[in-house]
Structure formats: C-alpha cells, structure tokens
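Peer 1: Based on what follows, work out the 3D shape:
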Amino acid sequence: MNRETNTGVEPLVVVAGMSKNFGGLVALDEVTFALGAGEIVGLIGPNGAGKTTTMRILTGMETVFKGRVTIAGLAQPELREDILSQIAYLPQDVAFAPWRTAAETLDLLGRLSGLDASQLRIKTPEILGAVGLGDKAAVRVGTYSRGMKQRLGMAQTMLTNPRLMILDEPFNHLDPAGRQHLKQLLIDINQKGTAILFSSHILADVEEMMQRLVVLRRGQVVFDGTIDALKAKSGEANRVEIGYSGVFLPPNELTLVEGLESLQLSAPNTLVLCASVGADLDVVLTRALDLLIARGLLVRHVKRIVASLESIVGRMTEDTVAEEGVA
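Peer 2: All right, here's what the predicted structure looks like:
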C-alpha cells in the first residue's frame, strides 16, 4: 500500500535509504532524513554532493531510485500527481517565456495549477508585491535581471499555498539586500505553517534561518541536526585563543588538566586551547591559565574562537570531488 498508515505523528517528509545511480556513478547512497510540518531545513553540501538529485526525487522529476520517499503520507513516485498538489518547487536555474510580463506569467502558472481568474486577480499583485516586483508586474520578463527572475521564480512557488516548499539555491543571483528580503519572506511563510527544504552555498546569510541542517558528502548524509549540535560535534565550540607575552614552554602539569585536548602555538605569542568534546571549557581554560601564569607568562587576551558554519561544513565535506552532471 502506497499511502502511509501510521498511528503516530508522521513527519511531512520521510526519506529512508534513498539511493540513486547515474550509470556507474553513485549520486545518492542510502540517504535518510525526515522533515516535520512547519520546519525549515537546509540541505547543505558542496557541488556534487547530491542536493539537486535529492530535490528532483522529492518533486517526482526523478522517478527511478531505491528506497522509500513519502510526502504528506504519499509515496513517491507512485502517488506523484497527488504529491504535486502539496508542494512547490524552485529549480536552481529558473526560466520563463521572455515575451510575457510577470503578471501574465503568474496568471498562466496559476491557471495550470488549478486557480481561477478571480483568485489570481487577488493573488498575483499580492505575491508580486511580496517578492519586490509589484512595480514590475507589467514589464516583460525578458528585460528582467537575473535577480528579478529569481524573485519571480520565488513568486510562482507561493501561488498555491503549498504545505512544502522545495527550493534549490533560492538565493542565487540576489544582492545582499535581496537575500535579506527573501530570507525574511521565507521566515514569514514558514510561520504560517509551510515547511521549507532549501539548499544554499551562502551559509552565512541563512544560518540564523535554519532550524536544522542535513549535510551531504559524496551522496551520503554525514550530519543531521541543529547548528549548535554540529558545532559541538566538530569541536569548534571548545576552542579559545590566548594571547601572551613571554616565552612559552609547555609545563608538564598541562597533561594533568582534565578535559584539555591540546594547547598549541598558532602564531607568534598566540596559543589555541582546545577542550575535549563534553568538557567544561571554562573549567579547562581556568586551570590551564593558572599553570601558564605560574610559569611567568603574561596573558594579554583570551577570546573564544567562533568558527563560521561555512568553515565547519567545508572541513566536514572537503574531500568531496564534484562530478559533472550530479549536484
């Protein structure tokens, strides 16, 4: 039976053991994750990690794969037509007929989605205004910049009030102000109950927006959880920089400091202290400083090292080699 029957609360999206090959190339390898109703989840990874392939399977554009995928309790691809009424998809590269205006484009797409003329008379100006194209509604799309076309692509995903938005690099081609505008728009949409799965290379812009992230590497999930959990797992949350004057000679007593993983020179007169995962960084730091000061070091500054999400994900996926035709 294709429709899920579960006495518990079924996540909106369930992906279990999803695998996909292109000839001899493994694009996805036993990918498993879930997305709850009303969640915003980032699908993160370098080129070739499998993000676009994952989204194409979720939307029913790729129908040959192994594993189980359900959306709103409907199995993909067996109930693809029913799923389409629940979702909206923004591809990585949007394309619209250049001779139509933005309003004409949304009118056509809306009618293809089952909306009638009276609904579209209300929705079209509202949505174009929301994405910042209200004053460009009567302008031919062929004259639009790439950023404006991206905004129009976002507008078409809003036509049907979907339960799930699947957005492949939605921040492409947008300037900083445009990215900030879209980020707030997505937060507003999510607060009304729409779940959002999106991919992005601009992690600094979207970090605060993600409630969870799924990191892909070579077609496999290498992390699924919150940003705080990712930083804790990477050990980046347990590092401190210590600036000093004097001669640094590591005291033997440092080996007795419980929870101290390492204390190393990173630059002249600069040490980096790393506490073990699970250790209390403040306690470890205090004990190490006491030993250093007792040996005559003058501590000039102490500051926590805050690694960017981009650098953490980059190190987690750094040996990924992008393959042509697989994203």
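
Peer 1: mind listing the strands for the stretch 201-327 of the chain?
Peer 2: Counting by DSSP state E, counting those that start in this stretch, one finds strands in the stretch 201-327 of the chain at the ranges 212-217, 220-225, 239-245, 260-267, 270-275, 298-304.

Peer 1: just those strands: most buried one?
Peer 2: The highest mean neighbour count among these, using mean count of other Cβ atoms under 10 Å, belongs to strand 212-217: a mean of 22. All C-beta spots, glycine's among them, are computed from the backbone N, C-alpha and C.

Peer 1: Does it pack against any helices or strands, and if so which?
Peer 2: strand 40-44, strand 220-225, helix 227-234, helix 309-316 (3 or more Cβ pairs under 8 Å, 6 or more residues apart in numbering; DSSP states H and E).

Peer 1: quick one: which of these is nearest residue 274?
Peer 2: helix 227-234 (11.2 Å; Cβ to Cβ).

Peer 1: circling back to that earlier point, please identify the most buried of the helices and strands packed on strand 212-217.
Peer 2: Sort those by mean neighbour count, taking mean count of other Cβ under 10 Å, and strand 40-44 sits at the top with a mean of 24.

Peer 1: quick one: the helices in the chain?
Peer 2: Taking DSSP state H as the test, the helices found in the chain are 51-59, 80-84, 102-112, 117-130, 146-157, 176-191, 203-206, 227-234, 281-294, 309-316.

Peer 1: Pull out the buried residues from the third one.
Peer 2: It refers to helix 102-112. The neighbour-count check on helix 102-112 (16 or more other Cβ atoms under 10 Å) flags 102, 103, 104, 105, 106, 107, 109, 110 as buried.

Peer 1: Please identify which of these is nearest to residue 95.
Peer 2: residue 105 (10.9 Å).

Peer 1: Check what pLDDT the closest one gets.
Peer 2: At residue 105, the model reports a pLDDT of 96.

Peer 1: Give me the neighbour count for the spatially closest residue to it that is not a sequence neighbour.
Peer 2: With sequence-adjacent residues excluded and distances taken as Cβ to Cβ, 6 or more residues apart in numbering, residue 105 is closest to residue 96, at 5.3 Å. Residues within reach of residue 96, counting by other Cβ atoms under 10 Å, total 20.

Peer 1: one step back: tabulate the helices and strands packed on strand 212-217 (JSON lines), appending mean pLDDT and distance to residue 155.
Peer 2: As requested, the helices and strands packed on strand 212-217 are exported to JSON lines (pLDDT from 0 to 100; distance: least, Cβ to Cβ, whole Å):
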{"stretch": "strand 40-44", "mean pLDDT": "94", "distance to residue 155": "19"}
{"stretch": "strand 220-225", "mean pLDDT": "93", "distance to residue 155": "31"}
{"stretch": "helix 227-234", "mean pLDDT": "79", "distance to residue 155": "29"}
{"stretch": "helix 309-316", "mean pLDDT": "81", "distance to residue 155": "28"}
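
Peer 1: Of all those, which one is nearest residue 166?
Peer 2: strand 40-44 (9.1 Å).

Peer 1: which strands and helices sit next to that closest one?
Peer 2: helix 51-59, helix 176-191, strand 195-199, helix 203-206, strand 212-217.

Peer 1: So for the longest one, what gets flagged as buried?
Peer 2: Within helix 176-191, the residues that count as buried by 16+ other Cβ under 10 Å are 178, 179, 181, 182, 183, 185, 186, 189, 190.

Peer 1: per-residue confidence at the fourth one?
Peer 2: Same thing as residue 182. With respect to pLDDT, residue 182 scores 93.

Peer 1: who touches it in this structure?
Peer 2: By Cβ atoms under 8 Å, 6 or more residues apart in numbering, the residues touching residue 182 are 131, 151, 154, 170, 171, 174.

Peer 1: Most neighbours among these, please name it.
Peer 2: Neighbour max across the contacts of residue 182 (other Cβ under 10 Å) = residue 170, 29 neighbours.

Peer 1: Quick check: it touching residue 91?
Peer 2: No - here residue 170 does not reach residue 91: they are 10.0 Å apart, not a contact under Cβ atoms under 8 Å.

Peer 1: Need the residues touching each of the two.
Peer 2: Common neighbours of residue 170 and residue 91 (Cβ under 8 Å, 6+ apart) are residue 153.

Peer 1: thinking again about what came up before, and of the helices and strands packed on strand 212-217, who's closest to residue 257?
Peer 2: Here helix 227-234 is closest among those (Cβ to Cβ), at 20.2 Å.

Peer 1: helices or strands up against that closest one?
Peer 2: Under the contact rule (3+ Cβ pairs under 8 Å, 6+ apart), helix 227-234 is packed against strand 212-217, strand 220-225, helix 309-316.

Peer 1: Turn those into TSV, including distance to residue 254.
Peer 2: Formatted as TSV, those follow (distance: least, Cβ to Cβ, whole Å):
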stretch	distance to residue 254
strand 212-217	34
strand 220-225	31
helix 309-316	26
